[in-house]
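# have a look; sequence and predicted model below, questions after that.
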Amino acid sequence: MMGLALGMMAVCRAETPPLVPLPVELNESEGAFELGPETVIRPDRTMRAEAEILAGELTRVLGAKPKIVPAELRILHPSQIEVIVNPDIDQPAEGYALRISPKGVRIVGKDAAGAWNGTRTLVQMLPVEKPESGKVELRSLEILDHPRFGWRGMHLDVGRHFFPVEDIKKFIDWLAFHKINTFHWHLSEDQGWRIEIKKYPKLTEVGAWRDSSPPYGNRNSDDGVRYGGFYTQEQVKDIVAYAKARHVTIVPEIDMPGHMAAAIAAYPEFGNDDIPGYAPKVETRWGVHPYVLAPTETVFQFVDDVFTEICALFPSEYIHMGGDEAPKVQWEKSSRVKELMKREGLKNGHDVQSYFVKRVEKILEAKGRKLIGWDEIREGGLSPKATVMSWRGEAGGIASAKEGHDVVMASNSHLYFDYYQEPAAQALAKGVEYEAIAGFLPISKVYGYDPVPAALSETEAKHILGVQGQLWAEYFKDYKKVEYHAFPRMAALAEIAWTPLERKDYQGFLARLEGVMKHYEAAGVNHGPVYREPKRETKDGSTVSTSLGIYQQFWPELAYDGRDETFFWADRELKTDDHFTIRLAKPLENDATVTVQTGGPASRNGDRLENGVLEVSTDGSEWTKVADFSGGKAAATAPAGTSQVRIRVTKPQTNWLILHEIRIE
Ligand code: ACM
C-alpha cells in the first residue's frame, strides 16, 4: 500500500498542465523532467531574442536566470530546453511540437512564431512562484499544436481613455501568453487623438486633450477635468518592437470618416466647412457625433500623409480605417458634397461613404498595405479588396464572405468585452466604478461562440481570417479597469481562436482556467470574476419564502446558496410584516450563530433593512425574537431545535432590500 501511494504521489506532482488554449494534441507519458538552476536554454540562430524573453520568465521560478547556449554548439547538456525552428515539420504556419522527456524540453516550431508559441505553452506549465526545492518537475509529454485561425485578435481603444506605454506592454505580454497574435490598436477618437503625426502637430497639441469627461455613474454629466495624452513616435516604435519580439502584430486604426471630432477640432479645414456648426471641440461626452471628414482632395491628401507616417511606424500588412458610425447629416447639408455627388454619380450618403472608403483603399494600396474596416465600409458597396471586421452581429461578415471578401469576426453579440460580465445590477452593487457601457456577456457566452457562421459554405468559410475581442474604453478610467474587463474573457477568446472546434469543452476549460487565473493573480492582474450562472437553489435543500417580489434574477435562494457573491434583491418598498423566511432542511442539532447582512454598497442608499427583527421558531407558528437589526445587520444565537429563521420588517421603508448570504453556523 505504502509503495503504491508514494508512486502515485511522484506522478501527481507533475500534473497535466492547465493549458489555455487547449492544444490540438497532447499525449502524456511516464517520467518527468526536472527543471532547475542547471537547466540551459538552447535556441537556434533565429530564436535568440525569444530565448532571452523565456530566460527572463524562468528566472521567476528558478530564482536565477538560466544560461543561454546556442543550439549550434554541439555540447552535451544534461538539462536543457531547446527552442528551434524547422520548416520541415508536419505542421501549418505558427505550429509547433513540444516534447518533454527526462532529458529535457524540445520545442520545434514550423516557423519562428510556432517556436514562440511553444515557449508560451511551456510558460503556462510553470508554477507561479519559486518552489521551495528550487526545482520544477514537468511531466513527460508530447504536444503537437497549431492554431485554428491566423487572426487571433484583441482590440483596445485608447481614444476614450489613454493608457501609458508600460500598460500597453503589459497588455501585449498577456496577449502572447494566450497565443493571441494580433493587437488592434484603436488610436483615434472623437474624444482624443493619441498618436504623434509629425506633419500635423495640432492633432496631438489640440486633439489629444479634452476639457471634461463623464464621471462614473452619470454618463450625461461632466467632471470638468482636463484629460488627455498621446504616444510619441519614439514610444510607438518601442511598442511595435516590443510586440514584434513577442510575435504580436499591431494593426493600427485611424478611424474615419466619422469619429473624427478631435482631428477636426485641431484642423477645422478638414471638416465640412461650408456648413454652419462644422467645427467641434474635442468631444467630452461618449456616443456618436455628427462631425465627419469632408470628401475633398485636401482631406485625401491629409489621409495620405497620416497613413504615410502610420505605415512607416507599423509593419502590419493590414491598416484599419475604422469606417464605423459615420453620420451622413453633414454631407447631406454640404453644397460641396452635393457637387461631388453630381460629378461622381453618387446617389446618397452611403454612396459618399463608399467613395471615401475606395479612395482610402487606393491610398493604402499604393503603400503596399491592405485595408480593413468595420462593417459599415459595406455601405454603398464595398471596395474591391477590402477586409471586413464584422461588429454589428454576423450579418456584415456573412455577406462579405459570400461576396469573396476576407472577414474578421468581432461581433458585439459575443466579443465586446466592454460589456458587463455579470448582471449589471450585480456589478454595480460593488460600486459605481464597476459601471460598464451596457450589455451582459458572461465568459460562457464568449466560449460558446464559433467564429465560422453556420450560414457559410466550406469555401466561403475560408474567408473567415479569425476572431477578435473588443475593449472600448469609455468606462475604463484606468488600466486596472481594462484588466477587469479583459480577463478572464480573453482566455475564452484564445480558445475559440486556437483550439479545434471538436476539442472545445466548457467544463474542461473552466478547470484549466483555474491554473491560468493563478498566473493572473501572481502577476497582479486585476481580473474580473468567472461568472457562473446562479442556480435557483439553496445550499442544502432548505426552502426559502418571502412576501416580497423578486428583482430580475436575484432569487431568494441566492441569500442561502453558500456563495458570498450572490444575493437576494427585492423589487419594491418594504411594508411592516414583510418577511423572508428560511425553513431549514433539518432542525438545528446544536445552538448556532445566525448572521445577516443587508444592503449593497452603492445601490439606492444601500437597500438596507432599517427596522426589522430576526426571529426563530421550532414549528413555524410560535416565533421568538433573537435580535433587532442595526446598521442593516443582525446577529444572534439560534437555539438547538430551531427549524425556521425569519427576517421580519417592523417599519415601512421606501428603499428596496438586498440580502446577502445568511450564515447559520
Ligand atoms: C464600433 O463598435 N463602433 C465598431
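It's in. Treat the numbers as computed from the prediction; the structure is a model and nothing was measured. Residues are numbered from 1 along each chain as shown.
# spell out which parts of the stretch 301-450 of the chain neighbour the ligand.
The stretch 301-450 of the chain comes close to the ligand at residues 324, 325, 374, 391, as judged by C-beta under 6 Å from any ligand atom. To be clear about C-beta, it is placed using only N, CA and C from the backbone, and glycine gets the same treatment.
# and if we set it to 5 Å?
324, 374, 391 (C-beta under 5 Å from any ligand atom).
# what's opposite the second one in the beta bridge?
Translated: residue 374. Residue 374 has these beta-bridge partners by DSSP bridges: residue 389.
# find the nearest non-adjacent residue to residue 439, please.
residue 419 (3.1 Å; C-beta to C-beta, 6 or more residues apart in numbering).
# report the contact partners of residue 143.
Applying C-beta atoms under 8 Å, 6 or more residues apart in numbering, we find residue 143 in contact with 23, 25, 26, 27, 96, 97, 98, 99, 118, 121.
# equivalent analysis for residue 179, please.
21, 117, 120, 147, 152, 494, 497, 498.
# go again using 7 Å as the cut-off
21, 117, 120, 147, 152, 494, 498 (C-beta atoms under 7 Å, 6 or more residues apart in numbering).
# could you double-check that the fourth one sits in contact with residue 496?
No. Proximity of residue 147 to residue 496 does not meet the contact threshold set by C-beta atoms under 7 Å, at 11.1 Å.
# what's the burial count for the residue in the stretch 251-400 of the chain positioned nearest to the ligand?
Proximity of the stretch 251-400 of the chain to the ligand (C-beta to the nearest ligand atom) peaks at residue 324, 3.9 Å away. Here the count is done by other C-beta atoms under 10 Å, and residue 324 has 19 residues near it.
# can you tell me the SS state at it?
Following DSSP: H, G, I helix; E, B strand; the rest coil, the label given to residue 324 is coil.
# same check, this time on residue 456
Strictly by three-state DSSP, residue 456 counts as coil.
# ok, residue 445 next?
Under three-state DSSP, residue 445 comes out as helix.
# can you tell me the closest non-neighbouring residue to it?
In space, residue 445 is closest to residue 414, 5.9 Å off (C-beta to C-beta, 6+ apart).
# just to be sure, residue 264 is in a helix?
Yes. Assessed with three-state DSSP, residue 264 lies in a helix.
# ok, and the closest non-adjacent residue to it?
Here the residue nearest residue 264, using C-beta to C-beta, 6+ apart, is residue 271, at 4.1 Å.
# any idea how far the one you found lies from residue 167?
Per C-beta to C-beta, to the nearest Å, residue 271 is found 32 Å from residue 167.
# cool, and residue 226?
21 Å.
# now narrow the contacts of residue 143 to whatever sits close to the ligand.
Counting by C-beta under 5 Å from any ligand atom, no member of those is near the ligand.
# which of the residues you listed are buried? Put it as a PyMOL command.
Listed next is the PyMOL selection for buried residues among those, using 16 or more other C-beta atoms under 10 Å:
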select buried, resi 23+26+96+97+98+99+118+121
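# as TSV, the contacts of residue 143 with secondary structure and pLDDT would be great.
Below are these laid out as TSV (DSSP: H, G, I helix; E, B strand; the rest coil; pLDDT from 0 to 100):
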residue	secondary structure	pLDDT
23	coil	98
25	strand	97
26	strand	97
27	strand	96
96	strand	98
97	strand	98
98	strand	98
99	strand	98
118	helix	98
121	helix	98
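# so which bits of the protein are right by the ligand?
So far as C-beta under 5 Å from any ligand atom goes, the chain lies against the ligand at 324, 374, 391.
# show the pLDDT at the second one.
Going back to what we said before, that points to residue 374. Note for residue 374: predicted pLDDT of 98.
# which residues touch it?
Here residue 374 is in contact with 322, 323, 324, 389, 391 (criterion: C-beta under 7 Å, 6+ apart).
# mind doing that once more with 8 Å?
322, 323, 324, 388, 389, 391.
# with the first one instead?
Residues in contact with residue 324 (C-beta under 8 Å, 6+ apart) are 255, 258, 259, 373, 374, 375, 376, 391.
# which of those residues are buried?
Buried among the contacts of residue 324 (16+ other C-beta under 10 Å): 255, 258, 259, 373, 374, 375, 376, 391.
# circling back: could you dump the contacts of residue 374 to a markdown table with pLDDT and distance to residue 343?
Putting those into a markdown table (pLDDT from 0 to 100; distance: C-beta to C-beta, whole Å) gives the following:
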| residue | pLDDT | distance to residue 343 |
| --- | --- | --- |
| 322 | 98 | 25 |
| 323 | 98 | 22 |
| 324 | 98 | 27 |
| 388 | 98 | 28 |
| 389 | 98 | 31 |
| 391 | 98 | 32 |
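# quick check: closest non-adjacent residue to whatever residue of the stretch 1-150 of the chain ends up closest to the ligand.
Closest residue of the stretch 1-150 of the chain to the ligand, C-beta to the nearest ligand atom: residue 149 (19.9 Å). Of all residues not flanking residue 149 in the chain, residue 466 sits nearest, at 3.4 Å (C-beta to C-beta, 6+ apart).
# ok, the one you found to the ligand distance?
17 Å (C-beta to the nearest ligand atom, to the nearest Å).
# correct me if wrong: that residue contacts residue 151.
Yes. Assessed by C-beta atoms under 8 Å, residue 466 is found in contact with residue 151 at 2.9 Å.
# so between these two, which is more surrounded?
Just comparing residue 466 and residue 151: by other C-beta under 10 Å the higher neighbour count belongs to residue 151, 27 against 23.
# show me what contacts that one?
181, 182, 408, 465, 466, 467, 468, 497.
# so what's the second one closest to, chain neighbours aside?
Right, the one you point to is residue 182. Closest to residue 182 by C-beta to C-beta, 6+ apart is residue 153, at 3.8 Å.
# strand partners (parallel or antiparallel) of whichever helix or strand that neighbour is part of?
Using DSSP states H and E, residue 153 sits within strand 151-157. Using DSSP bridges, the strands paired with strand 151-157 are strand 182-186 (parallel), strand 464-469 (parallel).
# got a list of contacts for stretch 104-113?
By C-beta under 8 Å, 6+ apart, stretch 104-113 touches 33, 35, 39, 46-47, 50, 77, 79-87, 89, 91-99, 115-119, 122, 138, 146, 181, 247.
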